[in-house]
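> quick check, what structure comes out for this input:
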Amino acid sequence: METVAFEHEYKFKTIIESLPTGIVMVNKSGFVVLCNGEMEKMFGYNPGELKGSPIDQLVPMGARSQHPKHRDSFMQNPTKRQMGAGRDLSGVCKDGKEIPVEIGLNHISIDNINYAIASIVDITERKIIETRLKHAYDELQQKNQEMEQFVYTVSHDLKSPLVTSSSFIEFIKDDIKNGNMDDVADSIDRLEKAHKRMQELINDLLQLSRAGRMELNLSDVNMNDILNEIMENFSNRFADRKIDVQIPAELPKVIGDRRRLYQVVENLITNALKYGTDNPNPQIQVLTKDAPTEMLVGIKDNGLGIAPAYHRKIFGLFQRLDNSKEGTGVGLTIVQRIMQLHGGRAWVESRENEGATFWLAFPKFFTERGVFDATKS
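Predicted coordinates:
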């Protein structure tokens, strides 16, 4: 293996050590002949440890077999370029950890011997910022959609009970004037229902508003404790309707805001009671799964199910598939919002006449400050 002449190496080393990026020079056989301290530090090597090593050891296993071919191609036609343009590149550190990198390639000829020289930048922080920006953009888009729906709700759903109230107030005036007291009682009953509907809408709007700007009070939360408390509070309703409820002996423990997670599970149990138990043998099951980066908890019913076309829609603001049931269509929106604040997600798996399972996914890498660490997902 050829080496760079001492006088060239000394001058070149002096120059590259002053650079803030990782610099590595490789011969045509793929061995490191020179690198700076920033390069060694970036990949976790001791001073001088990388020199003489094959550059392939810094290449992820998935791309390692193809790397010699790409290196030979570059050596045969060396041109200044960005390596892996349009693709996400990563490098393997000494401890096996992969880091996202950006690599600029060029060639240098010393004593008529060609070498590949690469400038390498660790872009971990940039990737974190990009991920946060994407999350912020997605959240902004969601809030814009919700604002449009909110405007519609205020102009239509809230207006409707007001119009109803105004009409029945006029009826009451006329009935009192004419002495029709039975009709007065009926009008008052309808007036109360209209006011109750408006109060429900206002309360749900306030809940949704709070869900969007709440601060989480994090602690270790035992999901079994939450389910047991909900089962106790709902016991009469389960007994009256003879609903078979099945809960695993061990559900995962998660980091979260217990009060908010109680609200999430309560909403899903209530949803199952409303829409998933209209059959002779109603059943609600609590499920759990362990995924590589998430812990999953599901609430399954054996009701009429939901067509795939409506799976996303039902999580939208004020979206309801059955207007004959009580409610305003805000519950699932709040569930999704709270799960997003926990760095998680919520979705439904269902087909018509096959019941529905509402899943909650809790990231395993939820930090103590309540911020989802995207670098570990």
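> residue 100 against residue 93, yeah?
No: the pair residue 100 and residue 93 does not pass the contact test of Cβ atoms under 8 Å, sitting 11.8 Å apart. C-betas here are computed from N, CA, C, even on glycine.
> so which of the two has more stuff around it?
Comparing residue 100 with residue 93 by neighbour count (other Cβ atoms under 10 Å), the higher total belongs to residue 100, at 18 against 15.
> helix, strand or coil for the more buried one?
Residue 100 carries the three-state label strand when classified by DSSP: H, G, I helix; E, B strand; the rest coil.
> tell me the first helix or strand C-terminal of the helix or strand of the chain with the lowest mean pLDDT.
Within the chain, confidence by mean pLDDT, DSSP states H and E is lowest for helix 6-17 among all helices and strands, at a mean of 71. The first helix or strand that comes after helix 6-17 along the chain, using DSSP states H and E, is strand 22-26.
> please save the CA atoms from that following strand in PDB.
Extracted C-alpha coordinates of strand 22-26, given in PDB (Å, rounded to 0.1, in the frame of the first residue of the first chain):
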ATOM      1  CA  GLY A  22     -14.200  15.800   8.600                       C
ATOM      2  CA  ILE A  23     -11.600  15.200   5.900                       C
ATOM      3  CA  VAL A  24     -10.400  11.800   4.700                       C
ATOM      4  CA  MET A  25      -8.100  10.800   1.900                       C
ATOM      5  CA  VAL A  26      -8.400   7.300   0.400                       C
END
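> helix or strand right after that strand?
Downstream of strand 22-26, the next assigned helix or strand under DSSP H and E is strand 32-35.
> how many neighbours does residue 123 have?
Neighbour count of residue 123, defined by other Cβ under 10 Å: 17.
> go on, residue 198?
Residue 198: 18 surrounding residues under other Cβ under 10 Å.
> next up, the contacts around the residue nearest to it when sequence neighbours are not counted.
Nearest residue to residue 198, sequence neighbours excluded (Cβ to Cβ, 6 or more residues apart in numbering): residue 161, at 4.1 Å. Counting by Cβ atoms under 8 Å, 6 or more residues apart in numbering, residue 161 touches 194-195, 197-198, 201.
> my guess is residue 94 meets residue 42, correct?
No: judged on Cβ under 8 Å, residue 94 makes no contact with residue 42 at a distance of 10.4 Å.
> which of those two has more residues huddled nearby?
Per other Cβ under 10 Å, whichever of residue 94 and residue 42 has more neighbours is residue 42, with 21 against 14.
> thought the more buried one was touching residue 119?
No: using Cβ under 8 Å, residue 42 makes no contact with residue 119, being 11.5 Å away.
> between the two, what contacts are shared?
Common contacts of residue 42 and residue 119 (Cβ under 8 Å, 6+ apart): residue 22.
> coming back round to it: is the residue nearest to residue 198 in a helix, a strand, or coil?
Per three-state DSSP, residue 161 ends up helix.
> low-confidence stretches in the stretch 101-250 of the chain?
Applying pLDDT under 70 to the stretch 101-250 of the chain flags the ranges 146, 149-158, 160, 204, 207-214.
> quick one: the closest residue to residue 71 other than its chain neighbours and residue 104, what's the gap?
Closest residue to residue 71 apart from its sequence neighbours, by Cβ to Cβ, 6+ apart: residue 30 at 5.7 Å. To residue 104, residue 30 is 18 Å away according to Cβ to Cβ, to the nearest Å.
> out of those two, which sits in the busier spot?
More crowded of residue 30 and residue 104, by other Cβ under 10 Å: residue 30, with 18 against 14.
> wait, the more buried one touches residue 52, no?
No: contact criterion Cβ under 8 Å: residue 30 and residue 52 do not qualify, at 11.5 Å.
> what about the residue nearest to residue 75 when sequence neighbours are not counted, neighbour count?
Spatial nearest neighbour of residue 75, chain neighbours left out: residue 28 (4.9 Å); criterion: Cβ to Cβ, 6+ apart. Using other Cβ under 10 Å, residue 28 has 15 other residues around it.
> what bridges to residue 284?
On the basis of DSSP bridges, residue 284 is bridged to residue 245, residue 301.
> residue 78: neighbouring residues, count only.
Counted by other Cβ under 10 Å, the residues lying close to residue 78 total 17.
> repeat that for residue 136.
Applying other Cβ under 10 Å, we find 10 other residues in the vicinity of residue 136.
> do the one 5 residues further on as well
By the measure other Cβ under 10 Å, the count of residues near residue 141 is 10.
> how far away is it from residue 148?
Residue 141 sits 11 Å away from residue 148, going by Cβ to Cβ.
> ok, residue 342 next?
The spacing between residue 342 and residue 148, counted by Cβ to Cβ, is 26 Å.
> more neighbours: those two, which one.
The neighbour comparison of residue 342 against residue 148 (other Cβ under 10 Å) goes to residue 342, with 24 against 11.
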